[in-house]
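> dropping a prediction and its sequence here:
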Amino acid sequence: MINAFYREMTGKESVIRQFFDFSRKRAAELGPDSVFNFSIGNPSVPAPDSVTKRFEELLRTEDPVSLHGYSPTLGLPSTKAAIAESLNRRFGMNYTPELIFPTSGAAGALSHALRAVTKPGDVVITFAPYFPEYIPYVTGTGAELKVVPADPSTFQINFEKLMEMFSPEVSAVLINSPNNPSGIVYTTETIDRLAKLLTEKEKEYGHEIFLITDEPYREIVFEGTDSPFISAHYDNSICCYSFSKSLSLPGERIGYVAVNPKAHDAEKLVPMCGQISRFTGHNCPSSLMQRVIETELYNTSDLSIYEKNANLLYDALTDIGYSIVRPGGTFYMFPRSPIADANEFCWTGARELGLIIVPGDSFECPGHFRISYCVPTEQIEKAIPLFETLYRRFTE
């Protein structure tokens, strides 16, 4: 008998993927110029030349049997050492290679971190708006995901609502900064306030509460934005990172878990991740990709295009009349819909014009919609008149 739980999930495809698939079908039917696809966060700039050269060098000079062989369960020692050194140098931390666990992107990192610090029946708290895949990431561990409602005036943490969510069953808090979908970066003040609160709750409940940070957009931060390295502000923290956005390598699936050196039982968590892999079928990212990133830890793609696009789009849409909290990073923007029903606004109004944007309901923030502007600037320039037509259609 097939598994009923996963069979039921097949009817609950990601809304983001639904919009993305619609855009591809429409483009195939009517031509690519008929669609302005702002649905999915696929980097629009190429990987740095240094990445290509690193691939070429390794493939040309390394013994292929060794290069393509199995990685140790906990990752290549040279890769782990390089990641630890880069974090220490950049953020004043004290990581050792034993606290680094290479993974298949941030998704792999999160799945391991969550299993390492929760058990069935525990509660994991996150904050709206949030990446919808947090639901299977958390529920797949047997824990329960509780979502703190958004403060739509700033999209910083809604601490009043957070206090209502706490209970002794809370074992972890999961945050994403810079944030998908809002583009907001949690300030140092916000992170310090959260750290103080978690420390107080640990004492009250008599057990650790881990702060799991989802950081694939860490490098995409705009000028003047306060962007703290979160793990430097709270001891019981686990950083989950991906090179998908910084190096434009989403298809290569490479990232890592970094356990705070001051975390409780820090030295046990990475070996535990190795055991967790036996249940998830993870068994390390590719040896080749681990070797590639060793020399790319201080490099990024040309990320400046995202800030250029953000400024262009923000200025144009606010001039039209859209209400937007200005993003501080990522390549997402999260305007308020001019009507209460963002689904109608996106599914009916926007799609008729060829604008593919995602309603905020799927991020548990109704009344907003996400624009993924990791597209050529020319596409944004051509789409702005359509955004104006869309706004006027619902407001006049």
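That came through, no problem. Numbers count the residues shown, from 1 in each chain.
> pLDDT weak spots in the protein?
11-17, 19-20, 22-24, 26-32 (pLDDT under 70).
> how about the strands in it?
36-37, 100-103, 123-127, 144-148, 170-176, 210-214, 237-242, 255-259, 332-333, 355-356, 358-359, 369-372 (DSSP state E).
> quick one, which of those gets closest to P48.
For those, proximity to P48 was assessed by C-beta to C-beta; strand 237-242 is nearest, at 16.0 Å. C-beta: built from backbone N, CA, C; applies to glycine.
> got a list of contacts for the closest one?
Residues outside strand 237-242 that contact it (C-beta atoms under 8 Å, 6 or more residues apart in numbering): 87, 103, 105-107, 109-110, 113, 116-117, 210-216, 218, 230-231, 254-260, 263, 269.
> flag every buried residue along stretch 316-330.
By neighbour count on 16 or more other C-beta atoms under 10 Å, the buried set for stretch 316-330 is 316-317, 320, 322, 324-325, 327-330.
> which one of these sits closest to N343?
Looking across those and measuring by C-beta to C-beta, the closest to N343 is Y322, at 17.1 Å.
> just confirm L247 contacts N299, I think it does.
Yes: between L247 and N299 there is a contact at 7.0 Å, judged by C-beta atoms under 8 Å.
> hang on, S50 packs against L297?
No: S50 sits out of contact with L297 when judged by C-beta under 8 Å, with a separation of 11.1 Å.
> show me what contacts the residue lying closest to F101 once chain neighbours are set aside?
Nearest non-adjacent residue to F101, counting by C-beta to C-beta, 6 or more residues apart in numbering: V257, 4.1 Å away. Counting by C-beta under 8 Å, 6+ apart, V257 touches 100-101, 103, 109, 112-113, 238-240, 269-270, 273.
> burial count for Y234?
Using other C-beta atoms under 10 Å, Y234 has 22 neighbouring residues.
> could you measure from it over to S153?
Y234 sits 25 Å away from S153, going by C-beta to C-beta, to the nearest Å.
> can I get the contacts of V257 in a markdown table with neighbour count?
Listed next are those as a markdown table, based on neighbours: other C-beta atoms under 10 Å:
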| residue | neighbour count |
| --- | --- |
| I100 | 26 |
| F101 | 32 |
| T103 | 27 |
| A109 | 28 |
| H112 | 27 |
| A113 | 30 |
| I238 | 28 |
| C239 | 26 |
| C240 | 27 |
| L269 | 23 |
| V270 | 22 |
| C273 | 27 |
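> out of these, who's nearest F369?
Using C-beta to C-beta as the measure, the one of the contacts of V257 that approaches F369 most closely is C240, at 26.5 Å.
> P178 versus the closest one, what's the distance?
The value you get for C240 to P178, if C-beta to C-beta is used, is 14 Å.
> D192 now?
On the measure of C-beta to C-beta, D192 and P178 end up 18 Å apart.
> for these two, indicate the residue with more neighbours.
Counted by other C-beta under 10 Å, D192 and P178 do not tie: P178 has more neighbours, with 26 against 13.
> my guess is that one contacts V185. True?
Yes: using C-beta under 8 Å, P178 makes contact with V185 at a distance of 4.7 Å.
> shared neighbours of the two, anything?
Common contacts of P178 and V185 (C-beta under 8 Å, 6+ apart): 221, 227, 328-329.
> widest-spaced pair of the buried residues of stretch 316-330?
Maximum distance among the buried residues of stretch 316-330 (C-beta to C-beta): 23.2 Å, for I320 and G329.
> show me where the stretch 51-200 of the chain has its helices.
64-67, 77-91, 105-117, 134-139, 159-165, 188-205 (DSSP state H, counting those that start in this stretch).
> the ones you listed into a markdown table, with extra columns for distance to K146?
Conversion of the helices of the stretch 51-200 of the chain to a markdown table gives the following (distance: least, C-beta to C-beta, whole Å):
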| stretch | distance to K146 |
| --- | --- |
| helix 64-67 | 45 |
| helix 77-91 | 29 |
| helix 105-117 | 14 |
| helix 134-139 | 9 |
| helix 159-165 | 5 |
| helix 188-205 | 14 |
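> among the ones you listed, which comes closest to D33?
Between these, helix 105-117 lies closest to D33; by C-beta to C-beta that is 32.4 Å.
> pull that closest one out as PDB, backbone CA atoms only.
The C-alpha trace of helix 105-117 is given here as PDB (Å, rounded to 0.1, in the frame of the first residue of the first chain):
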ATOM      1  CA  GLY A 105      22.100  23.500  -0.200                       C
ATOM      2  CA  ALA A 106      20.200  25.300   2.500                       C
ATOM      3  CA  ALA A 107      17.400  22.800   2.300                       C
ATOM      4  CA  GLY A 108      19.800  20.000   3.300                       C
ATOM      5  CA  ALA A 109      21.200  22.100   6.000                       C
ATOM      6  CA  LEU A 110      17.800  23.000   7.500                       C
ATOM      7  CA  SER A 111      16.600  19.400   7.400                       C
ATOM      8  CA  HIS A 112      19.700  18.300   9.400                       C
ATOM      9  CA  ALA A 113      19.600  21.200  11.900                       C
ATOM     10  CA  LEU A 114      16.000  20.700  12.700                       C
ATOM     11  CA  ARG A 115      16.300  17.000  13.300                       C
ATOM     12  CA  ALA A 116      19.400  17.600  15.400                       C
ATOM     13  CA  VAL A 117      17.600  19.800  18.000                       C
END
